[in-house]
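Colleague: Mind looking at a prediction? Sequence and model below.
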Amino acid sequence: FCRSLRTGDTQGRQQKMPLPVLAAGRPWLRASGRTFSTAAVAHEKLFDKILIANRGEIALRVMRTCKRLGIKTVAVHSEADANALHTRMADERYCIGPAPSAQSYLVVDKIIEAINATGAQAVHPGYGFLSEKAKFRAALDKNGTVFIGPQVHALTSMGDKLESKKIAREAKVNTIPGVKGEIKTVEEAVRVANEIGYPVMIKAAGGGGGKGMRVAWNDEEAREGYRFSKAESKSSFNDDRLLIEKFVEHPRHIEIQLLADRFGNAIYLNERECSVQRRNQKVVEEAPSTFLDPKTRKAMGEQAVALAKAVGYESAGTVEFLVDPKKNFYFLEMNTRLQVEHPISECITGVDIVEQMIRIAAGKPLSITQKDIGINGWAVESRVYAEDPFMFLPSTGRLITYIEPEKTPVEQKHDLSTPRVRVDSGVYEGGEISMFYDPMICKLVTHAKTRQEALDQMAKSLDSYVIKGVKHNVPLLRDIIRQERFVKGDINTNFIPEVYPGGFQGYQLDSNEKRSIVAGATMMYFKRWLQNMTVSNAHNFVPGAKPTKLVVEVKNRRAENNLKEAVTINWNGNAVESIEFGGKVSKVESNWGVGDHLARYTLDGTDYLMQHLDRDGATLRVRFCGSEFDVNVRTEAEQKAFEKLPVKATVDKSSELYTPMPGTIISLSVKVDQEVVEGSEVAVMEAMKMQNKLLAPRSGKIKAVHAKVGDRMEGDSLILEFYPVEKK
């Protein structure tokens, strides 16, 4: 792959691959009830060519702004990403090594080689990878290449959580109580945790993104948290230093977006509410926050600006705060890069943050001031990941079918007469979700006049998002935004475990939704029946061929939310006049064609949407309100015959342990003939930069171990076998 399509005498340099032309829009800013354009500065000389040292959706996001500004782009890619979407959109592409990040995207010398080979003047690092590495910025400075981000001293001081908290205190920024130095041993971790008082947060001193973080409520969890945090931070950041601080209970995670230039100008673009998290990683974000009042917003923004000025910060950055129920706020950390969730700030302020980063790096002053920044509407972002929504485990594989929700044209992005939809993705149908990288599929953003309108549009967009080939978290996202607590704005960082104490079990249908899914399933059945009869030319000639009495069974694939309804179809010639069930006659209408992925239909005048996923014999699998359901529609005679069939025997796998996902075995805690207790740790597996404990499914003695440390395992691979339980 590295040598394909290369030009000139440089081995890795490659020509761009064709991609449909993207619509170009003008940059607009809307603030404080007025609208103004930045077109006046569009003619300024910035850069001729920018290399994006990243992959996926963020590389594409940066490229879109570069193209609008007339700047050529260079994509770097690993061998695994040779056909990735970002390599097709760029003007040039350069291979930087094998699939593992440690041999490609994280190798500074490879990036420098690509810069020199392509003649790029500047580098945008995106987020993750090398974006917050001071050594990368220093190497670019030495090479004479502009880094589109902050200076070395800002990266060093703000990237080190110990140093950043010291600077924050000196700048009179509110900070969380905690130890002021590195925790070097597990014994010290336990001692310090007891001195501070449980609960405590154990976290990486030199990282972010939710990695290397554990909450401990007692000594045992402190020991375990220290071990896992140290291993994760070493793996993710090559820096295993840890710190411990007081864990603020029931906090909100609210962050302030900053922009600062080299001329001493610094502004804040209001806040983002990022409290809905799992494993310290954000799931749903919104801007503004339902919780902040103008006074608190102003105080947080001013403290964030004070911190930026204290460190002489230049570029875009984010200051994260924990906010308690009384609106007391505490500095958490500063992210010295473009944040994943930056699109929602762009929506409500109208500021293209990537453009401002490029202008600042080119030595230009900020083209906007604090008085220009207002709040236009409400924006919500859902992070769509390739992961099991019930187990929170990453999923890999090929995207067999991939259809994104309908997006708003760029030129209409500030017209809120109807809700707007933005999809920042980096995948395509036929592409692969690899085990080597973060499993994000896209960031789905809705922007409307009000929060409720934005949430309603988000539900519609999630319902129309077709993703087949990998598991994904759309069911969970769809459920979260319809939870009563979320709709009321009653959220904190413990929202998911509080709302789903037994884990997410799929969407729970109300009475109207139960009726609509039965009607939709019946509609699909008679549409398919009509097609089959049309093909065989039989329905006009066989007396009594039209089915009138049906039994519809709907099974939630996770929860005990099953339905069984007797349905009567009332025919009018070869068309269905109405359907009758549950003591009510209803009219259902649809233009759905057999084979269409999306079935839009109306039931008694109300619109509904159902996804047709696939068929397994007589079972139809559908997605409705985000969750999957198995549907069977049978005639009365078929139902009677079905009920006489023997129940299929289940396979007993209680004596076996399988890998829940593809990944690498980091440690094994057991050996043959060892006795283990149910729920005890037997192995640790690393997948997509996260370490996951594998627990014994039951108590017993180990019969066989089918893996060793360092093995790269496929999903659903056998790791351990137990001796069978002796029958008494």
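Modeller: Cool, got the structure.
Colleague: For stretch 647-657, buried residues please.
Modeller: Taking 16 or more other CB atoms under 10 Å as the basis for neighbour counts, the residues of stretch 647-657 that come out buried are 656-657. C-beta coordinates here come from the backbone N, C-alpha and C atoms, glycine included.
Colleague: Would you mind checking the average pLDDT for that stretch?
Modeller: The average of the pLDDT scores along stretch 647-657 is 80.
Colleague: what sits up against that stretch?
Modeller: With CB atoms under 8 Å, 6 or more residues apart in numbering as the contact definition, stretch 647-657 has outside contacts at 682, 694, 696-698, 700, 703, 718-725.
Colleague: repeat that with 10 Å
Modeller: By CB atoms under 10 Å, 6 or more residues apart in numbering, the residues outside stretch 647-657 that reach it are 670, 682-683, 694-698, 700, 702-707, 717-725.
Colleague: would residue 135 count as being in a helix?
Modeller: Yes. Residue 135: assigned to a helix according to DSSP: H, G, I helix; E, B strand; the rest coil.
Colleague: nearest spatial neighbour of it, skipping sequence neighbours?
Modeller: With sequence-adjacent residues excluded and distances taken as CB to CB, 6 or more residues apart in numbering, residue 135 is closest to residue 108, at 6.6 Å.
Colleague: repeat for residue 424
Modeller: In this structure, residue 424 finds its nearest non-sequential neighbour in residue 443, 4.4 Å apart by CB to CB, 6+ apart.
Colleague: picking that back up, give me the buried subset of the contacts of stretch 647-657.
Modeller: With neighbours counted by 16+ other CB under 10 Å, these contain buried members at 670, 682-683, 694, 696-697, 700, 702, 705, 707, 717, 719-722.
Colleague: which two from these end up farthest apart in space?
Modeller: Set against one another by CB to CB, the buried ones among the contacts of stretch 647-657 have their most distant pair in 700 and 717, with a gap of 20.2 Å.
Colleague: pretty sure the residue nearest to residue 424 contacts residue 61?
Modeller: Yes. A contact is recorded between residue 443 and residue 61 when judged using CB atoms under 10 Å, the distance being 8.8 Å.
Colleague: quick one: common contacting residues for these two?
Modeller: Jointly contacting residue 443 and residue 61 under the rule CB under 10 Å, 6+ apart are 342-343, 424-426.
Colleague: Kindly provide the distance from the closest residue to residue 586 other than its chain neighbours to residue 591.
Modeller: When the adjacent residues along the chain are set aside, residue 586 lies closest to residue 604, with 5.1 Å between them (CB to CB, 6+ apart). Distance of residue 604 to residue 591, computed by CB to CB, to the nearest Å: 17 Å.
Colleague: Would you verify that residue 443 is located in a strand?
Modeller: Yes. Secondary structure assignment (three-state DSSP) places residue 443 inside a strand.
Colleague: ok, residue 643 - contacts?
Modeller: Taking CB under 10 Å, 6+ apart as the definition of contact, the neighbours of residue 643 are 551, 634.
Colleague: Quick check: which element contains residue 639?
Modeller: Residue 639 belongs to helix 636-643 when elements are defined using DSSP states H and E.
Colleague: try residue 258
Modeller: Per DSSP H and E: residue 258 is located in strand 252-260.
Colleague: And whichever helix or strand comes after that strand, what's buried?
Modeller: Moving toward the C-terminus from strand 252-260, the first helix or strand encountered (DSSP H and E) is strand 266-278. Buried residues in strand 266-278, defined by neighbour count with 16+ other CB under 10 Å: 266-278.
Colleague: If I take strand 266-278 and strand 252-260, what angle do their directions form?
Modeller: Between the axis of strand 266-278 and that of strand 252-260 there is an angle of 150 degrees, by axes from the mean of the first three to the mean of the last three CA atoms, to 10 degrees.
Colleague: Next secondary structure after strand 266-278?
Modeller: In the C-terminal direction from strand 266-278 (assignment by DSSP H and E), the next one is strand 281-287.
Colleague: mean confidence for that following strand?
Modeller: Confidence for strand 281-287, expressed as mean pLDDT, is 96.
Colleague: same question, stretch 255-265
Modeller: The predicted model assigns stretch 255-265 a mean pLDDT of 97.
Colleague: Now do that stretch: distance to the chain's middle.
Modeller: When distances are taken as CA atoms, centre = their mean, to the nearest Å, stretch 255-265 is centred 27 Å away from the chain's centroid.
Colleague: Please apply the same query to stretch 366-382.
Modeller: 23 Å.
Colleague: Quick one: the strands in the stretch 151-300 of the chain, in order.
Modeller: Shown for the stretch 151-300 of the chain, the strands assigned by DSSP state E, counting those that start in this stretch span residues 200-204, 213-216, 242-246, 252-260, 266-278, 281-287.
Colleague: Convert stretch 211-218 to PDB, retaining C-alpha atoms only.
Modeller: Included here for stretch 211-218 are C-alpha records, laid out as PDB according to Å, rounded to 0.1, in the frame of the first residue of the first chain:
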ATOM      1  CA  LYS A 211      -7.800   7.100  29.800                       C
ATOM      2  CA  GLY A 212      -5.700   6.300  32.900                       C
ATOM      3  CA  MET A 213      -8.500   7.300  35.300                       C
ATOM      4  CA  ARG A 214     -10.200   5.400  38.100                       C
ATOM      5  CA  VAL A 215     -12.500   6.300  41.000                       C
ATOM      6  CA  ALA A 216     -11.700   4.600  44.200                       C
ATOM      7  CA  TRP A 217     -14.100   4.300  47.200                       C
ATOM      8  CA  ASN A 218     -11.900   2.100  49.400                       C
END
